[in-house]
Every structure is written in structure tokens, then in C-alpha cells.
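*Asks:* next one to model:
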Amino acid sequence: MMPSSVFISSFGNSLANSFLMKQYCSSQARTRLQDLFADPRIHNLLRLITHNNPTVVHKPRFKKLVKDNIQMLSDKELKTIQQFSVTFTSQRLQMPPVLAERVETTVGGGIVSRDPKLQGLLPGNYKLVFTDISPGESSRDRLIVVREPDGVLRHATTSERNRMNTIYFPPSGRQLRVPMMFQGRFLQDMLDRGQYLYVLDRACNQFEPDDPQYLHVCHSVYEHINQRAWNPIHSEDQELPANPLRSLRHTRHYGPLALYLIAHLNSCGGLVYEALSCQHYARLGWLLRLIVLLKPNSQFAVSLKESQLNLPPPDEIDANSLMSKRPDLSLTSEDTQNILSYTQGLSDFCPFSVNYLFMHFKLHHERMVAHIHERVVSFFSRNRRMLFREIVFYTSTACIYLRKYLAGHAWYSRITPRLLIGALPLRSTWAAVEFTECITHIVSLLEPFEVKRFVFGPDEAAARGLQHLSLPVRDFTGIPTLEQIETGIRFINSCTRPEASVYVHCKAGRTRSAFLVACYLMHQERISAPTAVRRIRAKRPHVRFSKAQLTALDQFGEILSSRTFENFRVSVLVDCCFLFAQILHYSRLAMNSGVAPMEGSPPRAMLAEELTGTGDFDDMHLMEDVQALYTSCCSEPVTGNSVKLRATTHKLESEFIQSKAQQLIGDGDVRPSSSSSRTNSRPGENELPRQTNNPALAFILSIALMFRIVLLVFSVWQDETRWPDGQLRFTDVDYDVFTDAAKALVSGEDIYHARPTYRYSPLIAAWLAPGHWLFSSPAGKVGCHILAKVWGKGIFIISDLLCAWLQYQIITVESKIHNPALDSSTSSDPNRVALHLIAFGWLFNPVTAVVSVRGNAEAFLGMCVLGCLWLLLTRRLFTAGLLFGLCVHLKLYPVIYAPAVYLWLTNQSDQPLRSRSLRDHLLTLLPSKAHFRFGLAALFSSGSLTAASYVWFGGWRFLHQAYLYHFTRVDIKHNFAPHFYPLYLLSGLRWQVDQWLAMTDDIGSWTLFQSGLMGKLFVRLRTSMIGFAIGDTSKSAGLLEWLRSQAILNARLLERLFSTFALLPSVVLILAFALKLHRQPSLCWFAITYAFVTFNKVCTSQYFLWSLVLLPPALANLRLPAKKNVSRAVCENLLVWYGAQALWLAAAYTLELRTPSSTWMARYVWLLVWSASGLFFICNVWLLRRLLRWRKFSTYSCAESTSDTITLSGDAAEDKKTQ
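*Replies:* Just a heads-up that it's a prediction; the model follows:
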């Protein structure tokens, strides 16, 4: 080993050399590199270290699928192909020559001629270049001359020749202009990303070997590689990339790289380190020989010459044959150790890394790295888990506060006169709670880290004289152990004061504490697990039991059953022993009349204690146990052990066991098994629907998610690859509007000014903004990353799936409300019906799936509407009001649900409507506390969001674009509503009036109306007037002229009157359906929405989602007649709806893309589209009427029908229950 002083001196010299070598190379140094490269010995070594590896050379840069080509080859053909492959590889691996920087010279003697007469004919910055473009000439011999502005004709310089040759005879891969990747920060960015091989290959194609720019690029790459030459060979850390020498090892650039690092930078340590790490000892030997040749006066070369180190084989041995005989290398272990010793003097870049490598390469490296990695991983994993749990704790605690004030969840609830379940006991409010509820005992199921400074913990309880028990259980997933349950039950039973209470709490008072209290009720009152859960939910409705907790409760119930049966058997055996003792006593008196009777019968308590202590309750040894006990209780032994007495005793025992079992089961002392309790138990009237985790629901949601992800990938491929020009895009144009608004929001611009067609709430742009903000540049410029484009679609897809989940919850809740006798926890019918409805009505409906993937926001609005309906059904009025206000803020149409909501919240008595007086009706319609709670929440939510948007998003411009525009919107283009054609004609009439008024001031001149379509129209009007003959025009001329003039002059008024009268049917139907169907909210909301969309003056495809999102819950309220088949009814409805829609689409396609050239035929195409719209309108009215008839059948005929129904309304359910 080298002494430390020598190593330190070499370290100082290496730093100085490294600093000096970083300066720009002079032309003399580059000339020296050219001479070294031309040296045969050095060139041969460079060729050897550039090993021929065909797998690296032939590896494609861009992988693509290539079919396998299988052929039958002879040995000769195979040998020929192999030789060709070797030759081709050798050509591809030919090292680029290392040349000095060229000097700009002229070929052919410089100036050809001077012609002063031509001076001034060309501008001062113009030159004429004459190039011989004859084929067959080489680029160096081609004649190229240049005419200067002063008349001089000269030969072209080297740069000019290269430029002209590139223009007329461009080599493969060479561009006329130098690519930006070779300039400044672009080159640096490529190097930072490790694209060394690509840069070098691209430079070889673009430049000549003596081009100054080529030398600059290559030397920049080499110096950047030298900076990373000590990186690990294999690295997965992005901050510390892998060693770049490994990727360049088997390429043609390795030889020039090694020459530059050793001869110019004097930094060969990285090359040796990479060869040692990869155990390439042959290449290491060639590198050492190359170092001796290039640096003969270095300390390493001198030490190597003085030693007897056997270097690798001589230069003549081929690299391929050497690598194939790797085990037979002449390098022994001693030679390897000598190499490790002598290579310490090679460090000129990072001596500390070299010292660490060679001092601890074999002994400490792997052990130290493994130990550090284990410690770092364990430290970060442990702290990461705790940090995550802390975040979850504070987040869930904040949600508890929000539920308390928004959803009305009580902080604590009294379950029994002794027990309370509650959330975290807060220091600030605990004194009042303790005094009000008279709490003396506290059971805490919090983990140690959950006891924060604001929580009333065990220390504070001891200071106040309270009994405190801590049973730590993991939140969300933890279940108390059997020992913890028994300890908690004993602790609760220790509270013996009549007025005292026990406070059982966890973080939210919903899972862990409720589980412990359920176990206590099952133990104390001998009830089943479902009964205990129902009792707790009746007092605290928002508790939740997971599937694992319900299973644990069933297991605890089985344990209690076994223990109860043992106690029951002990009681029976005690009674048998007592009776048998009495029988033996009187039998002994009868047989031995001379014996004095017993002073008293054996005490029953003593028998029970003795029998319990034995612990053996086998029926076969029952008689011996009884005899032994009687012997211990009586003064004399039992002698009558006859068969008759034994049979009598067994018979008495069996009778006592049966009678005792019937008595105990009848009194409720023995808890039945879990299976029987589930079968016979029925939910109470006040029980809320149980939240169950349905695996079938999770499965179909997963399949629906995969289906939408496939559509999302297809949409990206369709838009980006197949039709990048946008001719046939999958994405909806509305999503482009959302995207532009989100980009403007991220850039700080006015969204309504940046995208004038954006006529929605700013919240939609805000939801899409994070995707564009994450992928924006530091300068604030928003890019077009693919993830930013699909961000909004991902939100809409999630909203689509949440709609299905909410539909399932609504169907479950309504089935419980309309039919209390049907328990969803014990019957799978409601769940099965709900799954079928949401699967075929929403999740796998092609209309809904495609709309969300195309980027339409209707799925999100539908999710808000369904959430509001679900919250109303579960009586969470304040939260429902907030969500209703959000719906109205997003789009105005949810206002149509207001009458139905008002009537649903109205407290109506059970008295029939016919028997009510008018006064009762009016009093019933007066607003109550529920109305005010819901209305104020909705007003607050909608008003605050609108006010904030008004302040931050342009004031009046926001109001006009988001709301006022939709009141005045008139769609005169063709749409599904039949109103478009009259509006189209009225708009044309108004336009003609404006043109005519501009042409003439004489309003009384009717010559303009004597011809054309208007004249024919008024002729038909004149001939169809009642009371006037067809030919008699004298009487009607004045009236018709007046009507015609008024119609033309009031075209705008007619248009407004038509729009107003078109709105009246919608208003009437909304009020009528609200009065008729408000007891069935989901069906009522669907009917209102369907009627509103059908009778609206504008109807497009996205409007269908307003009613489709409510279709599955609405269908759950229907019942087909007995003679109607379900499949047939569904097929009929789908055929009618899709058939009418297909006819309209065919007519619209003809109008848009196949419009006849004839004006007469074009008018009939417009009439065809209008007729199709009318037919679609009639089909929608018929379908709505048909569905409501089925609802009417199920409501009024279920009491008389004996068949089962899916859902019953309130009155029908009561009638059926009464019968």
C-alpha cells in the first residue's frame, strides 16, 4: 500500500491539476490528442477497450413489435449471416477519428480572378456561390467558387463547402441548420438527463470530425461524464444517477472518451473504478497499459515499471477470444491485489471516493451500505407511518366538528340510565358535561398518541377524583380483545351508585366505544348482537359497525351462549340433586322404618357449590356424582343403588332439564343462538337503514371503473394519435371550454374574458385548475401535458361512479321507508333490485358512460342532486340544504325541485286528504322548522358562492354569462325540442323586418310584401278566415292588411309570447307532479325533470342525463301489472325512446351533411326534422304517462294483490299491514 503522505501529496496535486484542466483546451492540446490517436500502439489499445458487443449495437433505440422470422438455413448460410453480422458490427463500432480543430482555408489556391467592373452590382451583404452539382464528385473535390460584392471570384472556404454540400448532397441524418440541442442550455439539459449516447451519435451525423462545434460538443459530453464517473454502477435514486461509463462501455465512443479523460483531463480514476466494479479485468489491464503509454512519467507508471506485475495479454490477442476465455486470464488474485494497490495514484477527481473504494471495497462496503440502508428505511418508515396517522387524526377530528354543526350529530348520547357513548372528552367542556350527566367513571379506547393536550386524559381524571380505565384500540380497523371486553364490563359494573354514570368514548363515539357498549348490553341483558346494535342506533343513529366488528360481536355472542348454557346446566343439576336427595331420604325412611328421619334435607346452596366445584357434568356419571354429593350432605351413606332407582332418577333428571330449559328460555335468561336470532329478529320501527358493505356493489363499481378507464385511454388515443387535427375528436367541445377556463384561472386571467363561450360557474374551472397548475412551468406558462388534459375527465368519472353509489343508497333507504316490514339486513331482494337498476340503468348505460369520459360535467351535477336527495331521505336537512344551494349555483334547473322538497318537508298527519278541511290544508302548508333549516342552508350556500364569484370573477360579466344568458337563450338551430322551428321562422321574420325597415321609411308601402313566401303566407291566411269567402276579398282586405302589418311590426313581441307560452306547460307539470308524487321523492324528482326536459324549448343530449341520473331510484318505486313481462316492458320502452331518437338523428344528419341543393327539397328537410322532433316529444310524453300509470297501479292495487312488490308507498303499506 502507498504511504499516507504520498497519497496526500498526490491529492493536492490532483486538485491543482483538476482545476487547471477545467480551462478551455488550446489548439496545441487538441493537436496533441490527434497525434496520440494516430499512434499505432495507443490506437490498438483504444480499439481493444472499445469491445465489439453486437447485442448493444443492434439494440433498437425505439422498441417496436417485430414478427419473428423463422427460416431453415444450412450451415453455410448460417456462417455467411454470422460473418455479415460481425462485419456490419465492426463497421458500426468504428471509432470516430480524433482530429484537431480545422483552420478555415480555401481549396484550389484562393482567389481565381478580380473583376472591378462587377463592383457595386451586388449589395454589400450578398454573395453569389457557384456549385458544381455533377454526380460522382466527392465533397472535397467538388468545384465551389464565391463571387464577392467587390468583384473578386475566389474558392470557397471549408465551412462554405460543407454548407453547400449539405444543401445539394445532404448526408443521412444531417440538417442544414444546426439543431438547438447542441446549443447552450439545451445541450446542458440533455446531458443532465443522461442522453450522452444520443448526443454523441447525433453529433457524428451532423458535423465533420474537425468541425469546432463537433469538438465542443464532444468535450462537453466527456467533461460531464467525468463529473459523474464516481457514481454507483447501479442506482435507483433519481438524485444520484447511475454511472454513465457503464452505458458507453460497449459503444464506439468509449475509445475517444478514454483518450480525452486520460491524456487531456488527467482523470483516469473513474475508468479504473468502473472496470473494477464490473470485474472486467481484461479491459482494466488495457486501461493500465494505456495509462503507462499516455502518462509515462506519472507516479503510477513509475511504480508499475519497478514492480513485477504481469499485465494482461499483449495487444495482438483479439478481444472476442479473450472474453470467451475469461477463466484462463493470466491475472491471478495476487495480480488483482497489486492492481488495487497501484491504482490509488490514479485519483485526480475524487480521491476520497477512491480511498473509500480501495480501502473498503471488499470488506466494509456491502456491510456498511446494508446497515445504513436498514436504519434509514426503518427510521423513515416508522416516522412516515406516525406522520400519516397524525394527519388522519387531526383530519377526522375536524370532520367530527363539521358533522356536529352541519349534520346535527350529538357529541354524546345516553344509551342506558348508566351508560353514555361520546366522542373526545374536551378539557374546555368536560366540567359542564360531568356536572350535567353525573359522570364518575370513564372508559377510554384511545391510543396513546390520540391523548392530546386538549383531551381530558387519565391525569386530569385522577386529579378530579374520577375512575379512569384506558383500553387502547387501533382506530378504524381495531377491535377490542376478549380480555379488554371483560375488563371493560367489570369496570362498568363497578359503578354501583344509583345516580352515577359511565362515559365510554373513543375519538368520534361511532365505532370503538359503540362496540364495547354493544358487548356490555349482550352480556348484561342476554340479547343478541343485532338487537344490541339496534338499541345503540336508536339512541345514536350515526354509529357505524364494520363487517369485522359485526363478526366479532357474533363470536362474542357465541361465547356468552356457551357460558350461559353451562350456568343453566349447573342450575338443573343442582335441582336434580336436591330432588334426588329428597327421594333417597324418603326411600330410606320407607325401607328402614327403624331409622330416624333426617334432621333436614341437604341444603340446596351446598349442593350447588359442591357440584360447581367438581366441574364434571357428563350424563353417564351423573348418578355417581349425585350419590357422592348426597353422601357428603347426609349423615349416612346411600345403600339403595338399584336399577329401578337409577332409572327413576334419570327420568326425573330429563324432565327437570326440559322444564328448566323451557322456563329459562321463556323468561329470556338464556340467549338463543346467533343464527336463530338473525332469523327471528325484526327491526324496530325507529331503526334507520343499516349501512352495509355489499361486495356485489363493489364488484360492479370496479368493473364500471375499468370500463371507463378503457374508454378514457381510447379517447386519448383518438384525440392525440388518430385524429390530432381535431376532425373527429372523442372529447366534447364543452370540455375544451372547461380546459381553457381552467388554464386562464391558473394564469391569473379573467376566465369569462379569455373564453367568452364559458357560461358556467367558476367552480367547474376551479376543479380542473389543479391539473393544469401541477404541470405549469415556473414562469407561469400553462402547458398541455397529457395528465392535465385527463384531470377533469378523471373527476367526472369518479362523480359518475359516486352517482351509482348514491342511487344504491337511495333505493335502500326508500325501500325501508315505504315498507318497514322489509329488513334490508335480512333480505337480499332490495339489494338485488338496486344492483340491477344501477348496473343497467346507469353504470353500463352507454350514454352515461360516454358522456362522462367525453368530459361533460353533468355527472358531477347529478352527483350533487342525488346527494341532496339522499340527505333529505335520511333527514339531514342542513347538509341537504347546503348541497341544494350548490346545485342551484352550478346550474339553475335544480330550482324545479323546490316545490317537491317543500311538500316532502311538510308535516302531514296520517288523516286522509279527503277528510281534511280547507283550513287544515292551509295550516299544513305553513312552513315549519324543517323548512327554515333547509331553506336557510340552501340560501346561504347559493348566496355565498354566487357573491364570492361576483366579487372575484368579473361582477356583472359573471352574472350574465353564468345565469342571465340562459334566460334569454334561444336555440334556432335544430334540437330535440319541437320549438326550434317556430323560433327559427320568427327569427327569420324579425330579421326580414329589420332589413325592410332599413331599406325604406314608408311602413305603409306594402309592395315589398306582394311577392315571395310572405305574400303566399298571407294569401293562405286571407282565404282561411272564418266568415269570408275565398274569392271575396273586398270585405277582408282591410282586416287582413291590418293583421299583416301588426304581425310584421311586432315580430319580437310574437317571439316573446311564444317563449312564454312554451314555458307554461313545464310550470304546470312541475307543480302537479310535486302535489301528486311528493310522498315518493325519487319518482317525483324524476317525473319533474323528465317533464321539464321534454317541454323545454331547448333540448340536447346532455339534458337527458338530468333525468337518467334519477331513473334507477324512480324505477324502484314502480310495479308492473301482473300480465306484463318485465323484459318485454323494458324492450318496448327502449325501442320507443331510442327509435324516435334514431329517426331524429337521421333527419338531422340529412340536414347537416346531406342537404339537397334544391331550395324546395331543403325546406322539406327542415320540415322532416321538425316532424321527427314532434314524434320524439310525443314518445317522451307517452313514456312518462306509462311509467306513472305503473306507479298508480302499485300504489292503489297492492293492498288487494297477493303478489310481492318491490316498494310500497306509505298509505298502501299501512293498508296492507292492517289487513
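
*Asks:* mind pulling up the pLDDT for the closest residue to K1076 other than its chain neighbours?
*Replies:* Distances taken as Cβ to Cβ, 6 or more residues apart in numbering put C1084 closest to K1076, at 7.9 Å, once the chain neighbours are dropped. From N, CA and C alone the C-beta is placed, and that goes for glycine too. If you check C1084, the pLDDT there is 92.

*Asks:* shouldn't C1084 be in contact with A1074?
*Replies:* Yes: counting by Cβ atoms under 8 Å, C1084 touches A1074, with 6.5 Å between them.

*Asks:* between those two, who's got more neighbours?
*Replies:* More crowded of C1084 and A1074, by other Cβ atoms under 10 Å: C1084, with 27 against 22.

*Asks:* separation between the more buried one and R875?
*Replies:* According to Cβ to Cβ, to the nearest Å, C1084 stands 17 Å off from R875.

*Asks:* now G1139
*Replies:* Between G1139 and R875 the computed distance is 42 Å (Cβ to Cβ).

*Asks:* next: L801.
*Replies:* Distance of L801 to R875, computed by Cβ to Cβ: 26 Å.

*Asks:* the two: who's more crowded?
*Replies:* Neighbour count, other Cβ under 10 Å: between L801 and R875, L801 has more, with 19 against 13.

*Asks:* for the one helix or strand the more buried one maps to, buried residues please.
*Replies:* Using DSSP states H and E, L801 sits in helix 786-818. Neighbour counts over helix 786-818 (16 or more other Cβ atoms under 10 Å) mark 788-818 as buried.

*Asks:* and for the residue lying closest to F796 once chain neighbours are set aside, the neighbour number?
*Replies:* Ranked by Cβ to Cβ, 6+ apart and with sequence neighbours excluded, the top spatial neighbour of F796 is S852, at 4.6 Å. The tally of other residues near S852 (other Cβ under 10 Å) stands at 27.

*Asks:* same question, R535
*Replies:* Neighbours of R535 under the rule other Cβ under 10 Å: 19.

*Asks:* re earlier: does the residue nearest to K1076 belong to a helix, a strand or coil?
*Replies:* Of the three states, C1084 takes helix according to DSSP: H, G, I helix; E, B strand; the rest coil.

*Asks:* hmm, back to that, between C1084 and A1074, which contacts overlap?
*Replies:* Residues touching both C1084 and A1074 (Cβ atoms under 8 Å, 6 or more residues apart in numbering): A900.

*Asks:* L1115 reaches L837, doesn't it?
*Replies:* Yes: in this structure, L1115 is within contact of L837 by Cβ under 8 Å, at 5.5 Å.

*Asks:* what about the closest residue to R544 other than its chain neighbours, neighbour count?
*Replies:* Spatial nearest neighbour of R544, chain neighbours left out: R510 (5.2 Å); criterion: Cβ to Cβ, 6+ apart. Using other Cβ under 10 Å, the number of residues around R510 comes to 19.

*Asks:* what's the spacing between R510 and G465?
*Replies:* Going from R510 to G465 by Cβ to Cβ gives 29 Å.

*Asks:* now V851
*Replies:* 65 Å.

*Asks:* the more surrounded of these two?
*Replies:* V851 (22 against 7).

*Asks:* after the strand or helix carrying that one, which helix or strand is next?
*Replies:* Taking DSSP H and E as the criterion, V851 maps to helix 846-853. Note on helix 846-853: by DSSP H and E, the next helix or strand toward the C-terminus is helix 858-873.

*Asks:* by how many degrees do that following helix and helix 846-853 diverge?
*Replies:* For helix 858-873 against helix 846-853, the angle by axes from the mean of the first three to the mean of the last three Cα atoms, to 10 degrees is 110 degrees.

*Asks:* elements contacting helix 858-873?
*Replies:* Where contact means 3 or more Cβ pairs under 8 Å, 6 or more residues apart in numbering; DSSP states H and E, helix 858-873 is packed against helix 786-818, helix 846-853, helix 877-890, helix 898-905, helix 1081-1095, helix 1104-1108.

*Asks:* for K816, give its distance to A696.
*Replies:* 19 Å.

*Asks:* any weak-confidence spans in the stretch 1101-1219 of the chain?
*Replies:* For the stretch 1101-1219 of the chain, the stretches with pLDDT under 70 are 1154-1162, 1192-1219.

*Asks:* 90 - rerun?
*Replies:* 1101-1108, 1114-1135, 1137-1174, 1176, 1184-1219 (pLDDT under 90).

*Asks:* go on, the stretch 701-850 of the chain?
*Replies:* In the stretch 701-850 of the chain (pLDDT under 90), the answer is 701-704, 708-794, 796, 809, 811-850.

*Asks:* what are the ranges of the helices in it?
*Replies:* Assigned by DSSP state H, counting those that start in this stretch, the stretch 701-850 of the chain shows helices spanning 733-747, 751-754, 762-774, 786-818, 829-838, 846-853.

*Asks:* same list (the ones you listed) but as TSV, adding distance to S267.
*Replies:* What follows is those, written out as TSV (distance: least, Cβ to Cβ, whole Å):
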stretch	distance to S267
helix 733-747	46
helix 751-754	54
helix 762-774	41
helix 786-818	42
helix 829-838	69
helix 846-853	56
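
*Asks:* quick one: pLDDT of H250?
*Replies:* 75.

*Asks:* and it, that one's in a strand?
*Replies:* No: under three-state DSSP, H250 sits outside any strand and is assigned coil.

*Asks:* need the strands for the protein, in chain order.
*Replies:* 111-114, 128-131, 144-147, 152-155, 412-414, 419-422, 439-444, 467-470, 501-505 (DSSP state E).
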